[in-house]
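Chemist: Here is the input, now give the coordinates:
(2 chains)
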There are 2 protein chains.
Amino acid sequence: MAERIRIAIAGHGNLGRGVEAAVARNADMELAGIYSRRPPEQLKPLQAATPVFGMEALPGHTDRIHVLILCGGSKEDLPVQGPQLAALFNTVDSFDTHARIPEYFAAVDAPARENSRTALISAGWDPGMFSINRVMSEALLPDGATYTFWGDGLSQGHSDAVRRVDGVADAVQYTRPVEEAVERVRRAERPVLSTREKHTRECFVVLEEGADAERVRDAIVTMPHYFDAYDTTVHFISAEELARDHRAMGHGGFVIRSGNTSAGNAQVVEYALKLRSNPEFTASVLVAYARAVHRLHAMGQYGAKTVFDVPPGLLSSRSAEQLRAEEL
Amino acid sequence: MAERIRIAIAGHGNLGRGVEAAVARNADMELAGIYSRRPPEQLKPLQAATPVFGMEALPGHTDRIHVLILCGGSKEDLPVQGPQLAALFNTVDSFDTHARIPEYFAAVDAPARENSRTALISAGWDPGMFSINRVMSEALLPDGATYTFWGDGLSQGHSDAVRRVDGVADAVQYTRPVEEAVERVRRAERPVLSTREKHTRECFVVLEEGADAERVRDAIVTMPHYFDAYDTTVHFISAEELARDHRAMGHGGFVIRSGNTSAGNAQVVEYALKLRSNPEFTASVLVAYARAVHRLHAMGQYGAKTVFDVPPGLLSSRSAEQLRAEEL
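Modeler: Sure, this is the predicted structure:
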């Protein structure tokens, strides 16, 4: 068997722990180390033998690592770490600020090219698997319409927005697809759907002592960008209920395209994810793309890449010959 | 706008007509010609202006065609045409005899390489889109199980097998997934399913005059390989009913993988197709891959390729920059 791919993790939150779990499930990989801003003695790796280091150790470890998976956040961490670390390592990240992806791509591409490294940005499920399915299903059915539905699942950004409302001690927010809209799309009706018709939002809020529930509710449901275009339900619960009932990290959604190949023939393509753990699934995507990055680098394909640039076969631990014989 | 991609069609059955319809829906393509073994004056192209030729004209037309889409059958036509035409043209085909794909790949690869051509084999939905989803979902969830369900849809091979039974004048056969099995797979139970538990088969048979219905039924349901491992229902109908009710070409199915990213967290990935016209959808896949083949050829990637070798972005008429900005 070929040498195993040495993966390292930069950042040990939920996503970094998911990468640890995923690497353990891939026999052609091993975990070279976990790098964190926290003092190494505070990190608890899944397997006690995994070496842990401070982030500052990374520049001296370029020979130990085939692919470094960046598990920091898109807001503060990746815009800084991505370009820096792509000069030193082959990298994979899950940068997910959709509007800033072209800018981030350029910032990572230059140092990666200059240093003959391969850097795959914005992997995960959206951006990531959902993006691939949007692009492929549109290419297959150019005369059609694509719909992305998210949920049921907890949205981190919307939960944060609710927590910033005056009088809110803690909160979570769930995004739910409107079942009727999903069914119309599946029937190839190609409906024109407003934001309100596609998803509903549901908030579970713990009030600060003495806060006015109706004022809080009003502040949430009228919040511009986040809630004003949606039908939003607000439930007030206790801190104990929040801790007990709202810790699950499930999520998912659907990308559905319907299109006509001739006047009478509508075709429907659907890709659906039902996730019990959003960070663990995202981590699994990053790890599969780390294998592809290792191979692209060996082929001399340097610079920033996205999921659109990666042939599906490179994600698999099997050879091209095996895939043709066994899966085609 | 760049020069349009000049597509040609070899073989003008249901699939070839589907390619005509698909090319008309892609603004960056044009139809350079239809080539057939039938006399050109018997061909009725969708658009009267489309030039039609005999197959023997192909060797003289290498300069007129960017990508030739082979629309012949996998049994008789492609094993001969695929290697011959890959020496002259960039090609795309839908070779679907699963067990013989490695052999066919090798037979096409050598002439394509020798002549600096790019030949994509075995595109369509299975093999094709379903193959991609089997490979990708397994790479994402290595600790899991994959299930492919087909139907509801008419199976050409099984319909042919029924027609060969003594006493059968005409027949069609539908493959149907067992709903309960699909639901168990979607619930991430990872069931072990026998052939019988995954699909049922339903036959609509027109008897020859004087044929013994019970003998025919028995010959069908006990037929080795085709029916003996399934629960098969046989209906006897008139030739008029067959012509009236069984001309639809709908098909489809699901690729579902469930897998665990940690002991407690099962994840489910599903890809589903609901097709009103099987040949038109297959043709649309071939046409999208013709765009990718045209680009791979321009990049100097010669030889036989499969869907596993093609980056998703190459299927789209949009540029990599546009896809990053608009779809990631």
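Chemist: can you pull out the strands in the stretch 201-328 of chain A?
Modeler: Using DSSP state E, counting those that start in this stretch, the strands of the stretch 201-328 of chain A run over A:231-236, A:251-262, A:265-275, A:303-305.
Chemist: Can I take it that residue A:92 is in a helix?
Modeler: No. Residue A:92 is assigned strand when assessed by DSSP: H, G, I helix; E, B strand; the rest coil, not a helix.
Chemist: Pipe the strands of the stretch 201-328 of chain A into TSV and attach distance to chain B per row.
Modeler: Yep, even glycine has a C-beta here, placed from its N, CA and C like the rest. Supplementary listing: these in TSV, determined by distance: least, CB to the nearest CB, whole Å:
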stretch	distance to chain B
strand A:231-236	26
strand A:251-262	4
strand A:265-275	4
strand A:303-305	9
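Chemist: Which residues are in contact with the residue positioned nearest the centre of chain A?
Modeler: Compute the mean C-alpha point of chain A, and by CA atoms, centre = their mean the closest residue is residue A:124, 3.6 Å away. Residue A:124 sits next to A:94, A:96, A:282, A:285-286 when contact means CB atoms under 8 Å, 6 or more residues apart in numbering or on different chains.
Chemist: For residue A:230, see how far away residue A:195 is.
Modeler: 6 Å (CB to CB, to the nearest Å).
Chemist: And the two? Which one has more around it.
Modeler: Ranked by neighbour count (other CB atoms under 10 Å in any protein chain shown), residue A:195 and residue A:230 place residue A:230 first, with 20 against 10.
Chemist: ok, what's across the strand from the nearest residue to that one once chain neighbours are set aside?
Modeler: Once flanking residues are discounted, residue A:230 sits nearest to residue A:201: 4.7 Å by CB to CB, 6 or more residues apart in numbering or on different chains. Applying DSSP bridges to residue A:201 gives these bridge partners: residue A:175, residue A:232.
Chemist: what's the answer for residue A:258, then?
Modeler: Using DSSP bridges, the beta-bridge partners of residue A:258 come out as residue A:145, residue A:268.
Chemist: shaky segments in chain A?
Modeler: By pLDDT under 70, the low-scoring segments of chain A are A:1.
Chemist: Show me where it has its helices.
Modeler: In chain A, the helices defined using DSSP state H lie at A:14-24, A:78-86, A:101-114, A:129-140, A:156-163, A:179-186, A:195-198, A:213-221, A:239-245, A:278-298, A:320-327.
Chemist: okay, the second one in CSV with CA atoms only?
Modeler: Listed next in CSV are the C-alpha coordinates belonging to helix A:78-86 (Å, rounded to 0.1, in the frame of the first residue of the first chain):
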residue,chain,number,x,y,z
LEU,A,78,-9.7,32.2,7.3
PRO,A,79,-9.3,35.6,5.6
VAL,A,80,-5.9,35.8,7.5
GLN,A,81,-4.9,32.1,7.7
GLY,A,82,-5.9,31.0,4.3
PRO,A,83,-3.5,33.1,2.3
GLN,A,84,-0.7,32.7,4.9
LEU,A,85,-0.9,28.9,5.1
ALA,A,86,-1.4,28.4,1.4
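Chemist: can you tell if that helix touches chain B?
Modeler: No. Contact of helix A:78-86 with chain B is not found when judged by CB under 8 Å from any CB of the partner chain; the minimum separation is 14.2 Å.
Chemist: okay, the angle between that helix and helix A:101-114?
Modeler: Relative orientation of helix A:78-86 and helix A:101-114, computed by axes from the mean of the first three to the mean of the last three CA atoms, to 10 degrees: 20 degrees.
Chemist: Over to the fifth one?
Modeler: Direction vectors for helix A:156-163 and helix A:101-114, defined by the same axes, to 10 degrees, enclose an angle of 130 degrees.
Chemist: So which residues on the stretch 1-150 of chain A come close to chain B?
Modeler: Counting by CB under 8 Å from any CB, the residues of the stretch 1-150 of chain A that sit close to chain B are A:18, A:21-22, A:25-26, A:98, A:101-102, A:105, A:122, A:127, A:129, A:131-132, A:134-136, A:138-143.
Chemist: change it to 6 Å
Modeler: Residues of the stretch 1-150 of chain A found near chain B (CB under 6 Å from any CB of the partner chain) are A:21, A:25-26, A:101-102, A:105, A:122, A:127, A:131-132, A:134-136, A:139-140, A:142-143.
Chemist: Buried by neighbour count, from those residues: which ones?
Modeler: Those of these that meet the buried threshold are A:21, A:25-26, A:101, A:105, A:122, A:127, A:131-132, A:134-136, A:139-140, A:142-143, by 16 or more other CB atoms under 10 Å in any protein chain shown.
Chemist: my guess is residue A:251 contacts residue A:274, does it?
Modeler: No. At 9.0 Å, residue A:251 does not count as touching residue A:274 under the criterion of CB atoms under 6 Å.
Chemist: and the strands of the stretch 201-328 of chain A as JSON lines, adding distance to residue B:110 and mean neighbour count?
Modeler: As requested, those are arranged in JSON lines below (distance: least, CB to CB, whole Å; neighbours: other CB atoms under 10 Å in any protein chain shown):
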{"stretch": "strand A:231-236", "distance to residue B:110": "61", "mean neighbour count": "16"}
{"stretch": "strand A:251-262", "distance to residue B:110": "34", "mean neighbour count": "23"}
{"stretch": "strand A:265-275", "distance to residue B:110": "34", "mean neighbour count": "23"}
{"stretch": "strand A:303-305", "distance to residue B:110": "31", "mean neighbour count": "24"}
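Chemist: Same list (these) but as TSV, adding distance to residue B:157.
Modeler: As requested, the strands of the stretch 201-328 of chain A are exported to TSV (distance: least, CB to CB, whole Å):
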stretch	distance to residue B:157
strand A:231-236	50
strand A:251-262	23
strand A:265-275	22
strand A:303-305	40
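Chemist: I'd like to know which of those is closest to residue A:242.
Modeler: The closest of the strands of the stretch 201-328 of chain A to residue A:242 is strand A:231-236. By CB to CB, the value is 10.2 Å.
Chemist: outside of that closest one, which residues touch it?
Modeler: A:196, A:200-205, A:207, A:213, A:217, A:220-221 (CB atoms under 6 Å, 6 or more residues apart in numbering or on different chains).
Chemist: Among those residues, give me the pair with the biggest separation.
Modeler: Farthest apart among those - using CB to CB - are A:196 and A:207, which lie 26.3 Å from each other.
Chemist: more neighbours, the two?
Modeler: Taking neighbours as other CB under 10 Å, residue A:196 and residue A:207 compare with residue A:207 leading, 18 against 15.
Chemist: can you pull the contacts of the more buried one?
Modeler: Each residue near residue A:207 by CB under 6 Å, 6+ apart is listed here: A:167, A:236.
Chemist: please redo it, this time with the cut-off set to 8 Å
Modeler: A:167-169, A:213, A:216, A:236.
Chemist: tell me the two of the residues you listed that are most distant?
Modeler: Largest pairwise distance in the contacts of residue A:207, by CB to CB, is 12.3 Å, between A:169 and A:213.
Chemist: and stretch A:83-93, which residues are buried?
Modeler: Under the neighbour-count criterion of 16+ other CB under 10 Å, stretch A:83-93 has A:83, A:85-93 buried.
Chemist: Same check on stretch A:116-124?
Modeler: Neighbour-count burial for stretch A:116-124, counted by 16+ other CB under 10 Å, picks out A:117-124.
Chemist: Which single one of those residues is nearest to chain B?
Modeler: residue A:122 (5.4 Å; CB to the nearest CB).
Chemist: Excluding residues flanking it in the chain, which one is nearest the closest one?
Modeler: Nearest to residue A:122 is residue A:95, by CB to CB, 6+ apart, at 4.9 Å.
Chemist: Now for that neighbour: which residues touch it?
Modeler: Residues near residue A:95 by CB under 8 Å, 6+ apart: A:74, A:78, A:82, A:101, A:104, A:121-122, A:127.
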